[in-house]
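Peer 1: starting from these lines, generate the structure:
(4 chains)
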4 protein chains.
Amino acid sequence: MPIVEVTIVPVGTGTTSLSRYVADMQNLLEQAREPIHYQLTPMSTIIEGELTDLLEVVRRLHESPFVQGADRVCTTIKIDDRRDRPSSMEQKMKSVADRLQSST
Amino acid sequence: MPIVEVTIVPVGTGTTSLSRYVADMQNLLEQAREPIHYQLTPMSTIIEGELTDLLEVVRRLHESPFVQGADRVCTTIKIDDRRDRPSSMEQKMKSVADRLQSST
Amino acid sequence: MPIVEVTIVPVGTGTTSLSRYVADMQNLLEQAREPIHYQLTPMSTIIEGELTDLLEVVRRLHESPFVQGADRVCTTIKIDDRRDRPSSMEQKMKSVADRLQSST
Amino acid sequence: MPIVEVTIVPVGTGTTSLSRYVADMQNLLEQAREPIHYQLTPMSTIIEGELTDLLEVVRRLHESPFVQGADRVCTTIKIDDRRDRPSSMEQKMKSVADRLQSST
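Peer 2: Numbers count the residues shown, from 1 in each chain, chains lettered A, B, ... in the order given. Take a look at the predicted model:
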């Protein structure tokens, strides 16, 4: 399953605070009907699921600051899509932890 | 109209050359039935059109290295979506050129 | 203090696995003499510190796959730099959690 | 020589227009004492040169909206660094054009 990292920055809102928009995105993700997993980091939101679902969810996340009144939104997305073996947020973290342990 | 910048990097292909994949993307864009404009830069492909069309085109571009045999693809996307006035690749370049001219 | 998110993808290595490179980056960060904090996510490494330190650390992280034999490296970096009030990875997470709590 | 793509978004400025900031960046690049090449695209600025020079130039570009009064700046950077053969913005464009021509 592909993993998507998304960061959404509204432009011209007059405030440097973005937590309101990030909280909105978390609410949207919690209510998503698509079978996705998600995780908030200090810089992005990471979502895991089927690619078509992920792109639809990203589209809704990108729309959310406009609903709050923003007139311009800059969104950055990274897709990591591995198809030779199962992949997940959890598996990726575990692979690195295993490497670190075996090297000590 | 939103503008999307996309960079697609296949991982584990055994070759450092990416031009084959970029050429494929250009062919896909040329044949796209969606009403989009696009432009190649040395680092990305920029596409302009309706958001739903752009995300569908990005999905196909992201699939193209898999068709060529890649097993993992890392795709980076930036969306610039301005809704308080018409925006386009051409308009954005002109705005900067106007600023530069008026400041000399 | 600015916060930097960095993702490093070696190209043409012949393997779809990246965990070896990520583990290397974690070792580099652990040994960094600069006063930085860092955190691994499933998609990136996030680093917090002074901007000059962060860029120097990013430079070393970007070099690390070359040391392991890679011939091409694609690195993506996001800088979030807020100067009107103290900012940190921890503070950003707390701001969103506070918003989510107050809206329920 | 590595090639760097940089996009700088000031947050909370109260205006959706970014051309003023992009024009500033162009002026900074024109006056740079480092031996770099640069090119503006509708979504980014692309710079080519030695990695240490590029990171120093990126640092100055990232500072420029703060000089204009911004209190928060989100900067996105992509580094494409190929070391098995000479690379440049021009060469990358030519490689793709050659591929497209040979496939017709």
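Peer 1: alpha carbons only for contacts and neighbour counts from here, please
Peer 2: Noted.
Peer 1: quick one: buried residues of the helix or strand harbouring A:Arg60?
Peer 2: Mapping A:Arg60 onto the secondary structure by DSSP states H and E places it in helix A:51-67. For helix A:51-67, a neighbour-count test (16 or more other C-alpha atoms under 10 Å in any protein chain shown) marks A:51, A:53-55, A:57-58, A:61-66 as buried.
Peer 1: so that helix, near chain B or not?
Peer 2: Yes: counting by C-alpha under 8 Å from any C-alpha of the partner chain, chain B is contacted by helix A:51-67 at A:Leu55.
Peer 1: check the average confidence over that helix, would you?
Peer 2: Taken as a whole, helix A:51-67 carries a mean pLDDT of 97.
Peer 1: ok, the very next helix or strand once past it: who's next to it in the sheet?
Peer 2: Heading C-terminal from helix A:51-67, the first helix or strand you meet, by DSSP H and E, is strand A:72-82. Using DSSP bridges, strand A:72-82 pairs in its sheet with strand A:3-11 (antiparallel), strand B:72-82 (antiparallel).
Peer 1: following the shortest one, which helix or strand comes up?
Peer 2: The reference is to strand A:3-11. Heading C-terminal from strand A:3-11, the first helix or strand you meet, by DSSP H and E, is helix A:19-31.
Peer 1: what packs against that following helix?
Peer 2: Helix A:19-31 is packed against helix A:51-67, helix C:89-102, with contacts defined by 3 or more C-alpha pairs under 8 Å, 6 or more residues apart in numbering or on different chains; DSSP states H and E.
Peer 1: again, 6 Å this time
Peer 2: helix C:89-102 (3 or more C-alpha pairs under 6 Å, 6 or more residues apart in numbering or on different chains; DSSP states H and E).
Peer 1: do the helix it packs on and chain D meet?
Peer 2: No: Helix C:89-102 does not reach chain D (C-alpha under 6 Å from any C-alpha of the partner chain); its nearest approach is 13.6 Å.
Peer 1: tell me how far that helix lies from the chain's centre.
Peer 2: Here helix C:89-102 is found 20 Å from its chain centre; the criterion is C-alpha atoms, centre = their mean, to the nearest Å.
Peer 1: contacts for it?
Peer 2: Under the criterion C-alpha atoms under 6 Å, 6 or more residues apart in numbering or on different chains, residues A:19, A:23, A:42 lie in contact with helix C:89-102.
Peer 1: 7 Å instead?
Peer 2: Taking C-alpha atoms under 7 Å, 6 or more residues apart in numbering or on different chains as the criterion, the residues outside helix C:89-102 that touch it are A:19-20, A:22-23, A:42.
Peer 1: check for me that A:Tyr38 belongs to a helix.
Peer 2: No: according to DSSP: H, G, I helix; E, B strand; the rest coil, the state of A:Tyr38 is strand, so it is not within a helix.
Peer 1: in stretch A:87-103, which residues are buried?
Peer 2: A:87-89, A:92-93, A:95-97, A:99-100.
Peer 1: per-residue pLDDT of A:Gly14, please?
Peer 2: The score at A:Gly14 is 89. That number is its pLDDT.
Peer 1: how near is it to C:Arg99?
Peer 2: Using C-alpha to C-alpha, to the nearest Å, we find A:Gly14 at a distance of 19 Å from C:Arg99.
Peer 1: try A:Thr52
Peer 2: Separation of A:Thr52 from C:Arg99 (C-alpha to C-alpha): 30 Å.
Peer 1: the helix holding A:Arg60 near chain D anywhere?
Peer 2: No: Helix A:51-67 lies apart from chain D when judged by C-alpha under 7 Å from any C-alpha of the partner chain; the minimum separation is 12.6 Å.
Peer 1: dump that helix to CSV, restricted to CA.
Peer 2: Included here for helix A:51-67 are C-alpha records, laid out as CSV according to Å, rounded to 0.1, in the frame of the first residue of the first chain:
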residue,chain,number,x,y,z
LEU,A,51,-3.7,5.1,-4.0
THR,A,52,-7.1,6.2,-5.4
ASP,A,53,-8.4,6.7,-1.8
LEU,A,54,-5.3,8.6,-0.8
LEU,A,55,-5.6,11.0,-3.7
GLU,A,56,-9.3,11.6,-2.9
VAL,A,57,-8.4,12.2,0.7
VAL,A,58,-5.6,14.6,-0.2
ARG,A,59,-8.0,16.5,-2.4
ARG,A,60,-10.4,17.0,0.5
LEU,A,61,-7.6,18.0,2.8
HIS,A,62,-6.4,20.5,0.2
GLU,A,63,-9.9,21.9,0.1
SER,A,64,-10.3,22.4,3.8
PRO,A,65,-8.4,25.7,4.2
PHE,A,66,-10.6,27.2,1.5
VAL,A,67,-13.7,26.2,3.5
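Peer 1: any residues touching that helix, and which ones?
Peer 2: Outside of helix A:51-67, the residues within contact range by C-alpha under 7 Å, 6+ apart are A:2, A:8, A:10, A:21, A:25, A:34, A:75.
Peer 1: rerun at 8 Å
Peer 2: Under the criterion C-alpha atoms under 8 Å, 6 or more residues apart in numbering or on different chains, residues A:1-2, A:4, A:6, A:8, A:10, A:21, A:24-25, A:28-29, A:32, A:34-36, A:47-48, A:72-73, A:75, B:55 lie in contact with helix A:51-67.
Peer 1: chain center to that helix: distance?
Peer 2: The answer for helix A:51-67 is 10 Å, by C-alpha atoms, centre = their mean.
Peer 1: relative to strand A:72-82, how tilted is that helix?
Peer 2: Angular relation of helix A:51-67 and strand A:72-82 on a 0 to 180 degree scale: 160 degrees, by axes from the mean of the first three to the mean of the last three C-alpha atoms, to 10 degrees.
Peer 1: ok, which pair from the contacts of helix C:89-102 is furthest apart?
Peer 2: Using C-alpha to C-alpha, the two most remote members of the contacts of helix C:89-102 are A:Arg20 and A:Pro42, lying 14.0 Å apart.
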